[in-house]
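> When you get a sec, could you give me coordinates for this:
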Amino acid sequence: MNTTTTTTTAAAKRSSTLYMVELAMMIAIILLMSFTPLGYLRTPGLSITLLTIPVAVGAIILGPKGGAVCGLAFGATSFYMAVTGSSAFAAALFNINPFGTFIVCIVARVLEGWITGLIFAALYKSPAKKFSYYVASLACPLLNTFFFMGFLCLFFYNTDYIQGIVSSLGVSNPVVFVAAFVGVQGLIEAGFCFVVGSIVSKALSVALKRA
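This next block holds a predicted model:
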């Protein structure tokens, strides 16, 4: 009895340690991508973030809690850029409403990672298991856009700064503003995460014997 209990406890500790190591690696990847060109695909007029990819992979491999932590890491780097002025757009929001910027940058990304993990977990246990990696990888960037733009409109839509962008886009309401503001950039981000996220997460699941 004691031997069985000891073996079970040791296995649980190994599993917990492995989980923490994997989570630390995902956070390190997010931080590396955030502060190097690896995290953004920059073209004339567009800045496409690839950071939803490690968040999606983390949510799939490590579950909802791991996804939330990965989202927190993503959001923390965005908020850091707002505070330091590394991102002109985020810095402008921070100067207008620091609390709103915190919600837009951090809370949106935590929800993104957490819900992506929930979606994958639910599908993985269902008859649609074979689609779980693809759906979760696509859901992550879509959730990122939904929460980011939703909170942006909630806290900043009526500010002079955002209204200036609204006028330049020639739109008349928040829904059209979101569509115009996200546009092609959002589609490209979703496409990248869908393809790369699903391939990487499935390969890691096989390698870690979790598929």
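> Going by C-alpha atoms from here, please, whenever you check contacts or count neighbours.
Noted.
> now the strands for the chain?
Applying DSSP state E to the chain gives strands spanning 40-43, 46-49.
> Arrange those strands in TSV, one row each, with mean neighbour count, mean pLDDT and distance to Ala76 as further columns.
Shown next, in TSV, are those (neighbours: other CA atoms under 10 Å; pLDDT from 0 to 100; distance: least, CA to CA, whole Å):
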stretch	mean neighbour count	mean pLDDT	distance to Ala76
strand 40-43	12	74	16
strand 46-49	16	74	15
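> And Asn173, its phi and psi?
phi -150, psi 160 (degrees, to the nearest 10).
> Test my guess that Ala190 contacts Pro141.
Yes. Ala190 is within contact range of Pro141, at 5.3 Å (criterion: CA atoms under 8 Å).
> Those two: who's more crowded?
Between Ala190 and Pro141, Pro141 has the larger neighbour count (other CA atoms under 10 Å), namely 31 against 26.
> in the chain, which ranges drop under the pLDDT threshold?
Scanning the chain for pLDDT under 70 picks out 1-8, 10-12, 43-46, 210-211.
> could you pull out the helices for it?
Using DSSP state H, the helices assigned to the chain run over residues 2-34, 52-84, 88-96, 98-102, 108-124, 132-156, 160-169, 174-192, 198-207.
> roughly how far is the second one from the heart of the chain?
Looking back up the chat, that one is helix 52-84. 5 Å (CA atoms, centre = their mean, to the nearest Å).
> for that helix, packing partners?
When contacts are defined as 3 or more CA pairs under 8 Å, 6 or more residues apart in numbering; DSSP states H and E, helix 52-84 packs onto helix 2-34, helix 88-96, helix 98-102, helix 108-124, helix 132-156, helix 198-207.
> before we move on, what about the fifth one?
Taking 3+ CA pairs under 8 Å, 6+ apart as contact, the helices and strands that helix 108-124 lies on are helix 52-84, helix 132-156.
> what's the most buried one of these?
Each of the helices and strands packed on helix 108-124 was scored by mean neighbour count; the highest is helix 52-84, a mean of 25, by mean count of other CA atoms under 10 Å.
> Looking at the helices of the chain, which is nearest to Arg42?
helix 174-192 (10.4 Å; CA to CA).
> Which elements pack onto the closest one?
Secondary-structure packing of helix 174-192 (3+ CA pairs under 8 Å, 6+ apart): strand 46-49, helix 132-156, helix 160-169.
> how about the nearest residue to the residue nearest the centre of the chain, chain neighbours excluded?
Nearest residue to the geometric centre of the chain (CA atoms, centre = their mean): Thr52, 4.1 Å. Spatial nearest neighbour of Thr52, chain neighbours left out: Pro141 (5.8 Å); criterion: CA to CA, 6 or more residues apart in numbering.
> Could you dump the helices and strands packed on helix 108-124 into JSON lines and include distance to Lys209?
As requested, these are exported to JSON lines (distance: least, CA to CA, whole Å):
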{"stretch": "helix 52-84", "distance to Lys209": "11"}
{"stretch": "helix 132-156", "distance to Lys209": "15"}
